[in-house]
Every structure is written in C-alpha cells, then in structure tokens.
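**Q** task: produce atomic coordinates for the following.
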Amino acid sequence: MKIVVDAYLDNNLGDDLMIKLFADHFSEHNIYIFEDNSVVRETFKNNTNIIFLYKKDYDRQIARNSRGYNNAYIH
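**A** Residues are numbered from 1 along each chain as shown. Next up, the predicted model:
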C-alpha cells in the first residue's frame with residue numbers, strides 16, 4: 001500500500017516519534033511525506049519505507065491519487 005502522510009514536522013520529539021512509530025508499524029508499506037527540510041529528512045533516514053517528496057510536487061502527486069496512485073491519505 002502507498003500512504004501519504006501530511007504532518008507538521010519541525011524536528012520536534014512528539015511529531016517525529018509519531019511518524020517513526022507509524023512507519024515502523026506499517027513497515028511493509030511505503031509512506032510518502034512532502035518535506036523539503038534536509039534536517040527533517042535526515043531524522044528519518046533509517047526508516048527505509050519513508051519516501052520524501054518535495055513540497056513543490058505536492059499538487060501533481062496528490063492529483064495522481066485520484067487515479068489510484070495512493071491507497072491512503074492521512075492529514
């Protein structure tokens with residue numbers, strides 16, 4: 001399954017921990033996060049199922065959702 005997660009990520013413990021736990025729980029699925037910040041991306045480098053996309057691509061990628069690209073969108 002492909003899951004898009006729209007989360008507030010500012011390198012803070014609570015939100016980062018929630019994303020890590022979510023990614024660990026759904027480790028057999030790809031999780032897509034739109035984030036440009038390299039510090040935030042570095043935080044999740046060990047979670048191989050988290051795939052970062054650039055925010056500028058958000059509209060184009062979400063539009064693909066309506067054609068079956070993603071199975072779940074969490075906001």
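**Q** nearest the geometric middle of the protein, what residue?
**A** Centroid check for the chain by Cα atoms, centre = their mean gives Ile33 as the closest residue, at 2.3 Å.
**Q** which elements pack onto the host helix or strand of it?
**A** Element membership for Ile33 (DSSP states H and E) is strand 30-34. Counting contacts by 3 or more Cβ pairs under 8 Å, 6 or more residues apart in numbering; DSSP states H and E, strand 30-34 packs against strand 2-5, helix 13-25, strand 50-53, helix 58-65. Glycine gets a C-beta too; all of them are placed from N, C-alpha and C.
**Q** switch to 6 Å and redo it
**A** strand 2-5, strand 50-53 (3 or more Cβ pairs under 6 Å, 6 or more residues apart in numbering; DSSP states H and E).
**Q** list the strands paired with the first one, with their directions.
**A** Strands adjacent to strand 2-5 in the sheet, as given by DSSP bridges, are strand 30-34 (parallel), strand 72-74 (parallel).
**Q** downstream of the first one, the next helix or strand is which one?
**A** Tracing the chain past strand 30-34, the next element assigned as helix or strand by DSSP H and E is helix 38-43.
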